[in-house]
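Chemist: Structure for this input, please:
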Amino acid sequence: MLKITVNEASTFEVRQEKDKWYLDGSLFEGDVAQLSPNRYHVLWKDRSFEVEVVEYDPAEKKTTLKINGQLLTTTTKDRVALLLESMGMDHAIATKINEVKAPMPGLIQTVSVKVGDAVKKGDILLVLVAMKMENTIKAPAEATVKAIRIEPGTSVEKNQVLIEFA
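Modeler: A predicted model of the protein is given here:
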């Protein structure tokens, strides 16, 4: 079973039994045709829908869809997440991040944090220049900076540890 929340407002329960899908307990009697890797055509309740998957973040279980031109954001909770939530352990789902590695080779332009800084998800940690483009590297989660393994002007290789978290 999945629990899907749309635009942080409406919540739907989706489950599959054998080859049939149920939406809030009712059998889904529609038709879905994949047009390309991220585009679908859906017929449901005598209506036609053009659906495009604009963005998908598997870590956050968040999807941005464009349905007939309208953007919608969905978040999904699977059976495990729902079980942890029912036990009051939903914060245990968050993954502990121990380090940030270079996503590509390049040159460190600036470092925006120092050891001991508390960072939130999305805070800018540093800027990596690669192929004449500035790439802002952001914190993947809340953490405290334990060590900084680079400094401005340092050349780095792909997957080299840049920052460690406590």
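Chemist: Help me confirm that T73 comes into contact with I4.
Modeler: No: at 10.8 Å, T73 does not count as touching I4 under the criterion of C-beta atoms under 8 Å. To be clear about C-beta, it is placed using only N, CA and C from the backbone, and glycine gets the same treatment.
Chemist: And the helices in this structure, which stretches?
Modeler: All helices of the chain, identified by DSSP state H, fall at 79-86.
Chemist: the bottom helix or strand of the protein by mean pLDDT?
Modeler: helix 79-86 (a mean of 82; mean pLDDT, DSSP states H and E).
Chemist: which parts of that one are buried?
Modeler: A81 (16 or more other C-beta atoms under 10 Å).
Chemist: helices or strands next to that helix in the packing?
Modeler: Secondary-structure packing of helix 79-86 (3 or more C-beta pairs under 8 Å, 6 or more residues apart in numbering; DSSP states H and E): no helix or strand packs against it.
Chemist: With just CA atoms, put it into CSV.
Modeler: Extracted as CSV, the C-alpha positions of helix 79-86 are listed here (Å, rounded to 0.1, in the frame of the first residue of the first chain):
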residue,chain,number,x,y,z
ARG,A,79,4.4,0.4,3.7
VAL,A,80,7.6,0.7,5.7
ALA,A,81,7.3,4.5,6.1
LEU,A,82,3.7,4.1,7.2
LEU,A,83,4.6,1.4,9.8
LEU,A,84,7.4,3.6,11.2
GLU,A,85,5.0,6.6,11.3
SER,A,86,2.4,4.5,13.2
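Chemist: Give me the distance from it to the chain's centre.
Modeler: Put simply, helix 79-86 sits 19 Å off its chain's centre (C-alpha atoms, centre = their mean, to the nearest Å).
Chemist: Does I137 touch L125 like I think?
Modeler: Yes: using C-beta under 8 Å, I137 makes contact with L125 at a distance of 5.1 Å.
Chemist: what's the overlap in contacts for the two?
Modeler: Common contacts of I137 and L125 (C-beta atoms under 8 Å, 6 or more residues apart in numbering): 100, 162.
Chemist: So which residue is smack in the middle of this protein?
Modeler: In the chain, the C-alpha closest to the average C-alpha coordinate belongs to D57, at a distance of 2.6 Å (C-alpha atoms, centre = their mean).
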